[in-house]
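A.B. asks: Quick one, what's the 3D model for this:
(chains A and B)
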Number of protein chains: 2
Amino acid sequence: MSHQISARHHAPFDTRAGSAPDSDPSDGLPPPGAPDIEIARAARPRAILDLAAETLDIPSQSLIPYGHTKAKIALDYVESLRTRPRGKLVLVTAITPTPAGEGKTTTTVGLGDGLSRIGRKASICLREPSLGPCFGMKGGAAGGGRAQVIPMEDINLHFTGDFHAIGTAHNLLSALIDNHLHWGNEQDLDVRRVSWRRVMDMNDRALRNITVGLGGPAHGVPREAGFDITVASEVMAILCLASDMADLERRLASIVIGQRRDKTPVFAGDIGAEGAMAVLLKDALAPNLVQTLEHTPAIIHGGPFANIAHGCNSVMATDTALRLNDVVVTEAGFGADLGAEKFLHIKCRQSGLRPHAVVVVATVRALKMHGGVAKGALGTPDPEAVRRGGANLRRHLTNLQAFGLSPVVAINRFTGDSAAELDAVRALCDAVGAPVALASHWAEGSRGSEALAELVAERLDGPAPTLRFLYEEQAPLSDKIQTVARELYGAADISLDWLAQRGIAEITEQGYGHLPVCIAKTQYSFSADPNAKGAPEGHVLPVREVRLAAGAGFVVAICGDIMTMPGLPREPSALHIGLNAGGEIVGLT
Amino acid sequence: MSHQISARHHAPFDTRAGSAPDSDPSDGLPPPGAPDIEIARAARPRAILDLAAETLDIPSQSLIPYGHTKAKIALDYVESLRTRPRGKLVLVTAITPTPAGEGKTTTTVGLGDGLSRIGRKASICLREPSLGPCFGMKGGAAGGGRAQVIPMEDINLHFTGDFHAIGTAHNLLSALIDNHLHWGNEQDLDVRRVSWRRVMDMNDRALRNITVGLGGPAHGVPREAGFDITVASEVMAILCLASDMADLERRLASIVIGQRRDKTPVFAGDIGAEGAMAVLLKDALAPNLVQTLEHTPAIIHGGPFANIAHGCNSVMATDTALRLNDVVVTEAGFGADLGAEKFLHIKCRQSGLRPHAVVVVATVRALKMHGGVAKGALGTPDPEAVRRGGANLRRHLTNLQAFGLSPVVAINRFTGDSAAELDAVRALCDAVGAPVALASHWAEGSRGSEALAELVAERLDGPAPTLRFLYEEQAPLSDKIQTVARELYGAADISLDWLAQRGIAEITEQGYGHLPVCIAKTQYSFSADPNAKGAPEGHVLPVREVRLAAGAGFVVAICGDIMTMPGLPREPSALHIGLNAGGEIVGLT
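C.D. replies: Numbers count the residues shown, from 1 in each chain, chains lettered A, B, ... in the order given. The predicted structure follows:
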């Protein structure tokens, strides 16, 4: 370690021209089994202004540096790109997540590096991680092994401050609402029906349900309130769907903050909040540029939840990347039932973006868990369990085919995978006409993702698919939910609780019936039951409640218990995170 | 404006070598009566890496740029400066604030520019502004007229993210405390005696008094809690007093979060929070470098309250600036009774820093208000009122002399000031032996502060004063409060409420009796009554409560109503802040 520390201190970034694609840019890094933070720290990132100039032809005055290896792309430059043609978009999605791990982000990184390796002008687009889970138990979200984005520590901590800006804009609206109540409530907002909460980028369960305004008349109006984690903020979803600053401000004004006594909605615009919120978000709207370990450009921007929101990086990021590249690889949150469905029905519908290729990430281990194998027994080869669990992969593939897409499968390889198990995956993919590539980018970087890159490149060189939405905007909200539940989740029907029925009626009456639905259900199953692995069928999707996100432009259907403010575990990661004697971060995974 | 906008877009910063000191660097700016934001926007800042290299000789790899005109000075570079001799320190303080305005920050900026103009190698050190008042009614804190620091908009908004980092570190500790209670409370923390609150960089009165942990057993332990504004966080005070990263972490571990049932204190270190907090603060601890309109380097770092905390920029900033310059001009919050007293008794005592010169800022208008003139009547010359109100200035001067210092007076000139009024100020200063300079930096930049700079330079070229603390560390806490109240505030005595008596006994018993006191009283009077202008005498200072800030290293004595979470006014500035069609911020003052 000491040699690497000293190299890093004296030459913190590499100003050489890009490595030739056939060299091994991960030479000199610790082995892939080493902690991700050690690999990331040993890497020699290129100076971001040089990388942007040489790889993407962005002039340095159009970049706003944050240190030497991170930069925002200036909004006026982003605007200037709008006349350029877009490159081709690759969506990376996955089977239903299990505790075995699937590796969607590492595959996105690995595929981007692999495409660069085979000579494509490629960048990747990812979501920004939340601070909350970092100090809880999930760890960071910058990939892993030889497939990481760097500077990993910065990306997992404050990065360029976007989430802080989003939280501040959100909470300014909250403060303006309580201030409005305090000074006479001109809008006649019903204090019992204020739906806008507060946010914090922290796992803090004690803030889920609170009362505010206590202590007497000088201290506001008492009412029930609560905090969500920042990634659950509608402001986050808005920032990620906005096409530009004017659209952002228009959406902010459209946020519903509550209702009057007559049930009519009160908007953020009614209390004049949108201008100051937009000012707080003006830097946050500019996409962030970093790089992979192999110097592939990575635009990391925005990070909405994939249950109560749409779970993809910003439209600004994806669009900007497409104007600058021939190929852009991006990912969507959770499994394809949640992330890809929302990517297509919400992000693509609103923005006009269309994927040219789709990759579904699976692992043998995860398929075995879907086939009923316990986590402790994953070491034993079990092709039969792979076949049983393969039903999960199969349904995700046929679902994507229903959208008019032709997905390919990336098997993110683990050392214990047996030939028979891999054959079992191949066989089921063959049966639905989805080609398969083995990928070992975690261990080998782009060398390990070359086959996957070749497979994706074949798709990219073929004709563009025609995306077909599964429901029309004009369909009633309950029909839209039913369509997704039946056609993608394998449900027999949906059930609408009384609260959900009333909500749908209200939202429709208010003129928002045309919005797409954003279904918030567990990520661990096609159904609302997190224990129903594989490909459950014939279940009923219980819709408890619906919420209007008028600024983001969708209606959230809450199915089951959806947590919008996580808690910390008994022994949170925070207790093991610190600085060593050399001032380096330890314990951040 | 359109010409300036276009010049700004095409040449966002100026890479020329520094202007010769006899040129007028403010040429081409709008007149000083124009809104501050327009002057700031029309300015041509130098590229910060160039300015740092040419003016301060800091190599670019030792700077962490945040855009092209802001940078952090890397911590390892700050460490490397420790062997250099320190330059000379000038403290700018003021008379007791009035609604007429005194202009302490503009004088700090103007004096820095004036010293540069007369050939001294000078920088200034300021506090970072809080977002809360920006959207409330105070406006920004980057100076005004021709005496501003830029980029004004960035400095007044998220700047380099320090306050967000401080808030996050603070709230991580809060979350860990509630998590500790939730999972079994191994430390036996008394849920009724948790003293650590949460913070937000926002004026949000409804969060002052709240209950958290409602909703049932899955959602934490119900208890009373509350939020302060981020600048009131002990983490803020700690960051501003820490000498380095190790000291920061040690102080964080020493924070008292509450008491056990047996009244023994529980520390942040007892629940293992300090490491993760330090990680969150690692970038925030590095000082921020910007510049004045006239390209004088400005280090803007930290911003603790000047009532419940010590109200000065960070020790790291002041010390770093002193290692890089011959002269450093810094300011302390509110009037000299609060800001300068704490600068001397807390910051200087803990850090070993010593001012070589002190400037007390006064205006004729403010002295008239201290002399009983209403704000509406300030237009009429009234030398007699100046003489009456001059008692306020006189006491601040003799107070500073009691510390062994030889203050000079800067009269921050307004156009309506009459010759007779100015003579009245001179006469009273003569009587206590304090030289006076007229300063018109707001209207004229460094041309207007040249006389003040010459006066200060004379002091700097003379012998260093010997700072004398008014109380010894070993004195009992109540004696320390009494010393400040009698010797500086003109009080006859102090009164200790029962809560204060008990607190002093507890804190002394726990071994913290040796800490300096930090008196939290109104900034509008020498007494605890904000309406007692001038130099009230014979009053009794009522001490309601004392609070231990063990990490910061002082004991706060609360006198009267001290607000640690401001509210928004009926018509907050936020309602007028927005972006115009060209994407520029309007309404930020």
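
A.B. asks: Okay, now the unreliable bits of chain A?
C.D. replies: By pLDDT under 70, the low-scoring segments of chain A are A:1-27, A:138-140.

A.B. asks: quick one: secondary structure of the closest residue to A:K88 other than its chain neighbours?
C.D. replies: Distances taken as C-beta to C-beta, 6 or more residues apart in numbering or on different chains place A:H356 nearest to A:K88, at 4.0 Å, with adjacent residues excluded. For the C-beta atoms, the positions are set from N, CA and C on the backbone; glycine is no exception. Under DSSP: H, G, I helix; E, B strand; the rest coil, the three-state class of A:H356 is strand.

A.B. asks: residues touching A:H356, list them.
C.D. replies: A:K88, A:L89, A:V90, A:R459, A:L460, A:A464, A:P465 (C-beta atoms under 8 Å, 6 or more residues apart in numbering or on different chains).

A.B. asks: give me that answer again for 6 Å
C.D. replies: A:K88, A:L89, A:L460, A:A464 (C-beta atoms under 6 Å, 6 or more residues apart in numbering or on different chains).

A.B. asks: Relative to A:L322, how far out is it?
C.D. replies: 10 Å (C-beta to C-beta, to the nearest Å).

A.B. asks: Please apply the same query to A:S130.
C.D. replies: 26 Å.

A.B. asks: Between these two, point out the one with more neighbours.
C.D. replies: A count of neighbours by other C-beta atoms under 10 Å in any protein chain shown puts A:S130 above the other of A:S130 and A:L322, at 25 against 22.

A.B. asks: Report the contact partners of A:V425.
C.D. replies: Counted by C-beta under 6 Å, 6+ apart, A:V425 has contacts A:I411.

A.B. asks: and if you look at the one 3 residues further on?
C.D. replies: Contacts here follow C-beta under 6 Å, 6+ apart; on that basis A:L428 touches A:G390, A:R394.

A.B. asks: and the closest residue to A:H301 other than its chain neighbours, how many residues sit next to it?
C.D. replies: Distance criterion C-beta to C-beta, 6+ apart; nearest residue to A:H301, sequence neighbours excluded, is A:A317 at 3.8 Å. Neighbour count for A:A317, taken as other C-beta under 10 Å: 29.

A.B. asks: Which element, helix or strand, includes A:A317?
C.D. replies: Take DSSP states H and E as the rule and A:A317 turns out to sit in helix A:315-324.

A.B. asks: Outside of that helix itself, list whatever touches it.
C.D. replies: By C-beta under 6 Å, 6+ apart, helix A:315-324 touches A:56, A:78, A:81, A:84, A:86-87, A:123, A:125, A:241, A:287, A:299, A:301, A:328, A:330, A:351, A:353.

A.B. asks: Show me chain A divided up by domain.
C.D. replies: Using automatic domain parsing, the domain ranges for chain A come out as A:36-158+A:284-461, A:162-280, A:477-559.

A.B. asks: In JSON lines, list these along with distance to B:A336.
C.D. replies: JSON lines is the format used below for the domains of chain A (distance: least, C-beta to C-beta, whole Å):
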{"stretch": "domain A:36-158+A:284-461", "distance to B:A336": "36"}
{"stretch": "domain A:162-280", "distance to B:A336": "30"}
{"stretch": "domain A:477-559", "distance to B:A336": "48"}
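
A.B. asks: Looking at the stretch 251-400 of chain A, what residue ends up closest to chain B?
C.D. replies: Using C-beta to the nearest C-beta, A:G275 is the residue of the stretch 251-400 of chain A that sits closest to chain B, at 2.5 Å.

A.B. asks: Find the nearest non-adjacent residue to that residue, please.
C.D. replies: B:G578 (2.5 Å).

A.B. asks: burial count for the residue nearest to A:H219 when sequence neighbours are not counted?
C.D. replies: Among residues not flanking A:H219 along the chain, B:R208 sits closest, at 5.0 Å (C-beta to C-beta, 6+ apart). The tally of other residues near B:R208 (other C-beta under 10 Å) stands at 23.

A.B. asks: Same check on the one 3 residues further on?
C.D. replies: A count of neighbours around B:T211, defined by other C-beta under 10 Å, yields 18.

A.B. asks: Dig out what it forms beta bridges with.
C.D. replies: Residues found in beta-bridge contact with B:T211 (criterion: DSSP bridges) are A:T211, B:E224.

A.B. asks: Would you mind confirming that it makes contact with A:N209?
C.D. replies: No. At 9.1 Å, B:T211 does not count as touching A:N209 under the criterion of C-beta atoms under 6 Å.

A.B. asks: shared neighbours of the two, which are they?
C.D. replies: With C-beta under 6 Å, 6+ apart, B:T211 and A:N209 have no common neighbours.

A.B. asks: and the residue of the stretch 351-500 of chain A nearest chain B?
C.D. replies: A:L499 (17.1 Å).

A.B. asks: what about the residue lying closest to that residue once chain neighbours are set aside, how many neighbours?
C.D. replies: With C-beta to C-beta, 6+ apart as the criterion, A:L499 has its nearest non-adjacent residue at 4.8 Å, and that residue is A:E545. Residues lying near A:E545 (other C-beta under 10 Å) number 17.

A.B. asks: likewise A:H68?
C.D. replies: 21.

A.B. asks: Check A:G184 too.
C.D. replies: Close neighbours of A:G184, defined as other C-beta under 10 Å, add up to 8.

A.B. asks: so where do the strands sit in the stretch 201-350 of chain A?
C.D. replies: With strands called from DSSP state E, counting those that start in this stretch, the stretch 201-350 of chain A shows them at A:210-212, A:223-225, A:227-229, A:256-260, A:265-267, A:288-292, A:297-300, A:327-331.

A.B. asks: Reformat those strands as CSV; add distance to A:P97.
C.D. replies: CSV is the format used below for the strands of the stretch 201-350 of chain A (distance: least, C-beta to C-beta, whole Å):
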stretch, distance to A:P97
strand A:210-212, 31
strand A:223-225, 32
strand A:227-229, 19
strand A:256-260, 31
strand A:265-267, 35
strand A:288-292, 23
strand A:297-300, 21
strand A:327-331, 13
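
A.B. asks: Compare those strands and give me the one nearest B:F135.
C.D. replies: strand A:256-260 (16.8 Å; C-beta to C-beta).

A.B. asks: Relative to that closest one, what are the paired strands and their orientations?
C.D. replies: Strand A:256-260 has its sheet partners listed here by DSSP bridges as strand A:189-194 (antiparallel), strand A:265-267 (antiparallel).

A.B. asks: buried stuff in that strand?
C.D. replies: Within strand A:256-260, the residues that count as buried by 16 or more other C-beta atoms under 10 Å in any protein chain shown are A:V256, A:I257, A:G258, A:Q259.

A.B. asks: And for stretch A:237-251?
C.D. replies: For stretch A:237-251, by 16+ other C-beta under 10 Å, it's A:237-245, A:247-251.
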